[in-house]
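Enquirer: Quick one, what's the 3D model for this:
(2 chains)
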Amino acid sequence: MTSANNPANSPAAAAAVPGALPARGLHLAGMAMRFGGVQVFENVTIDVPPAKVTACIGPNGAGKTTLINAVCGVYRPYAGRVYLDGAPLAGIRPHQSVRHGIARTFQDVRIFPHLTVLENVLSALPSQRGEKLRHLFRPGAGLAAETRRHRDEAQALLDSVALGDAAQRQAGELPFGRQKLLSLARAVATGAPYLLLDEPAAGVEGEMIERVIALIVRLAKDEGRAALLIEHNVEVVREVADQVVVLQGGGIIASGSAEHVLNDERVIREYLGRIYHA
Amino acid sequence: MEHLLYIGALICVWVIVSIAVNLVIGYTGMMAMGHAAYLGVGGYTAASLNIFFGVNFFLAMAIAATVSAAVAVLTLLPLLRLSGFYFALATLGLNFVFFDLFHNLAPRVEGSEGLHGLKLPAALVSAEARFATLLAITLLCVLAAKRLVDSPLGRLLRAARDRPEAVSAIGKNPTTCQIVVWGVSGAMTGIAGALYAATLFYIDPTLFTLSASIAMLVFVGVGGLASIGGSILGPVLLISFTESLRFIGLPSQYTGPVQQALYGALLIGLMIFRRQGLLGKYDFRE
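Expert: Model (predicted):
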């Protein structure tokens, strides 16, 4: 799945032999990031196959969020490429990633606080003619019917994540756990088949964690969406991840099935041990 | 009565301007402090076309709206790399640049500093007809703005105001939203500029200075951010109040200073006790 050291999986190998790229899925090949003279990580290669949850774990500062930012076009990677279904994805700007099929969430939620919960989800639905000025003032544009359809769609999505009862509340008034759920629902509403989830369970407790887990599992198993999950909560990772990558010290130190990685001695010694003993 | 109708027409002009400014400040979070420039572009375009080329005033107004929108977008583009305080400061600069342009390059009627001698259609000639026409145009602008802010585009504007990076994350371009609404705001301000010329019968560069931009901010600040109702209430309240000073027997030399002092006190009070304005739905603190 991934390797920092295996030459067969190196970015050079991937670039030289396009056939080696997975035909489907999100493939990060030999990614490196630097800020000025500070290297965050290098030679990070990760496959995110469809309908699977790939977890990326590691200590704070390992560059997990930076990796998401590099995939989405917020940062330009110092080296490496992103491939989507075998085709390179280069030079995209952040708002273009959804068009290519990649949506993300943020660690610190970043919902739209002055919009209602329903409006937060509505805003993420793709291809809305009412977002174009030229349609707004054209009689017979059928906007009312489109609006009704979108509202039903957004309400159904909220109902499915148990936020339906809060649809008309201002999003900024929701408790943090429900805001997390809302940010997930918003990413789902984009329709993107690849989701980059930045710590969806951080700061969430009890029943809300169960809901987050259920949603991620449902997205992968029932809807066939792929997720690259960044998470510190190892129990959540254990519950949802099909495969795990550990990012530490500027590179990947382990990767494989969740069972294998979470029991890896080096991973326990260098990362998980610190969490368990914290 | 004629004076009251004149005041009514003036209020209509400022209501349109306040709506235009509120679209960018209140709904989109772009601190616009130079809309007097677009008001001037609208006024000068419509008046020049009408006076020197005999273009029907309403057609000239439509052209003025288009020109103002284009000027607004062109002046916005280099400012898009700025935000917050720096963006506000840069838009402030528009007042000075455009004042100089109006002063040195804008056409003028011989023997005056500005433009007069508009050939107005019947709907704008008498005070009654003019007020009714301006009221109708203002109503159209209100309805258009309401349609915009209640639409999915309006929702995106409010989202981009609060979290532009999250708007990008859902696949929408916040910069495009900003450019579009700035253009709409410029067009509306251009319409107001044309109607301002038709109401005053005379325009010169002194009408389109920093003071006019400050007045717009005061109307929006008092009426309320992100509120079409507030954009109407601000000018209605403040212009009526100013004009009422004339009727209480205050000597004319004191009217100006008293008005300024009361505006200032009102603003200070509002900023302390109700920052979002009287009918506002948004507070920059949040």
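Enquirer: Now do stretch B:136-156, average pLDDT.
Expert: Average pLDDT, stretch B:136-156: 97.
Enquirer: List the buried residues for it?
Expert: Using 16 or more other C-beta atoms under 10 Å in any protein chain shown as the test for burial, stretch B:136-156 gives B:137-138, B:141-142, B:144-145, B:148-149, B:151-156. (Each C-beta comes from the backbone N, C-alpha and C, glycine too.)
Enquirer: How about stretch B:169-180?
Expert: For stretch B:169-180, burial by neighbour count (16+ other C-beta under 10 Å) applies to B:169-175, B:177-180.
Enquirer: can you tell me if whichever strand or helix holds B:S168 touches chain A.
Expert: Secondary structure assigned from DSSP states H and E places B:S168 in helix B:164-169. Yes. Residues of helix B:164-169 are located near chain A by C-beta under 8 Å from any C-beta of the partner chain, namely B:165-169.
Enquirer: what about the residue of the stretch 51-200 of chain A found nearest chain B, how many residues close to it?
Expert: As assessed by C-beta to the nearest C-beta, chain B sits closest to A:V98 within the stretch 51-200 of chain A, at 2.7 Å. Neighbour count of A:V98, defined by other C-beta atoms under 10 Å in any protein chain shown: 23.
Enquirer: Phi, psi for it please.
Expert: Dihedral angles of A:V98 (phi, psi; degrees, to the nearest 10) stand at phi -70, psi -40.
Enquirer: Surely it and A:V188 touch.
Expert: No. A:V98 lies out of contact with A:V188 (C-beta atoms under 8 Å); the separation is 11.7 Å.
Enquirer: Show me which residues of chain B are close to chain A?
Expert: Counting by C-beta under 8 Å from any C-beta, the residues of chain B near chain A are B:144, B:147-148, B:151-153, B:155-156, B:158-159, B:161-163, B:165-174, B:180, B:184, B:281-282, B:286.
Enquirer: Most neighbours among the residues of helix B:164-169 next to chain A, please name it.
Expert: B:A169 (27 neighbours).
Enquirer: now that one: how far from B:A265?
Expert: Distance of B:A169 to B:A265, computed by C-beta to C-beta, to the nearest Å: 44 Å.
Enquirer: to the chain's geometric centre, what's the distance from stretch A:170-184?
Expert: With C-alpha atoms, centre = their mean, to the nearest Å as the basis, stretch A:170-184 stands 17 Å off its chain's centre.
Enquirer: Show me the contact partners of that stretch.
Expert: The contact list for stretch A:170-184 (C-beta atoms under 8 Å, 6 or more residues apart in numbering or on different chains) reads A:105-106, A:109-117, A:119-121, A:161-163, A:166, A:197, A:200-205, A:208, A:211-212, A:215-216, B:286.
Enquirer: From the residues you listed, which land in helices?
Expert: If you go by DSSP state H, the contacts of stretch A:170-184 have A:117, A:119-121, A:208, A:211-212, A:215-216 in helices.
Enquirer: Just the pLDDT for B:A261.
Expert: Per-residue confidence (pLDDT) for B:A261: 85.
Enquirer: for the stretch 51-200 of chain A, what spans make up the helices?
Expert: Secondary structure of the stretch 51-200 of chain A (DSSP state H, counting those that start in this stretch): helices at A:64-72, A:97-100, A:117-124, A:133-136, A:143-160, A:176-189.
Enquirer: residue ranges of the strands in the stretch 151-286 of chain B, please?
Expert: Taking DSSP state E, counting those that start in this stretch as the test, the strands found in the stretch 151-286 of chain B are B:202-203.
Enquirer: any low-confidence regions in chain B?
Expert: For chain B, residues meeting the criterion pLDDT under 70 lie at B:284-286.
Enquirer: Report the closest residue of it relative to chain A.
Expert: Per C-beta to the nearest C-beta, B:G171 is where chain B lies closest to chain A, at 2.7 Å.
Enquirer: correct me, but that residue touches A:V98?
Expert: Yes. Counting by C-beta under 8 Å, a contact exists between B:G171 and A:V98, whose distance comes to 2.7 Å.
Enquirer: tell me, what's touching the two both at once?
Expert: Counting by C-beta under 8 Å, 6+ apart, the common neighbours of B:G171 and A:V98 are A:126, A:190, A:192.
Enquirer: Give me the ChimeraX select line for those residues, limited to the buried ones.
Expert: Buried residues among those (16+ other C-beta under 10 Å), as a ChimeraX selection:
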select /A:190,192
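Enquirer: What helices and strands are in contact with the longest helix along chain B?
Expert: Looking across chain B with DSSP H, the single longest helix is helix B:174-200. Under the contact definition 3 or more C-beta pairs under 8 Å, 6 or more residues apart in numbering or on different chains; DSSP states H and E, helix B:174-200 sits against helix B:2-25, helix B:36-53, helix B:57-76, helix B:127-149, helix B:152-162, helix B:164-169.
Enquirer: In the first one, which of the residues would be classed as buried?
Expert: Which is helix B:2-25. B:5-25.
Enquirer: likewise the second one?
Expert: Buried residues in helix B:36-53, counting neighbours by 16+ other C-beta under 10 Å, are found at B:36-51.
Enquirer: between that helix and helix B:174-200, what angle do the directions make?
Expert: Taking axes from the mean of the first three to the mean of the last three C-alpha atoms, to 10 degrees, one finds helix B:36-53 and helix B:174-200 inclined to each other by 50 degrees.
Enquirer: which other helices and strands contact helix B:36-53?
Expert: Judged by 3+ C-beta pairs under 8 Å, 6+ apart, helix B:36-53 is in contact with helix B:57-76, helix B:84-105, strand B:115-116, helix B:174-200, strand B:202-203, helix B:210-223.
Enquirer: just how off-centre is the third one within its chain?
Expert: Taking C-alpha atoms, centre = their mean, one finds the center of strand B:115-116 at 21 Å from the center of the full chain.
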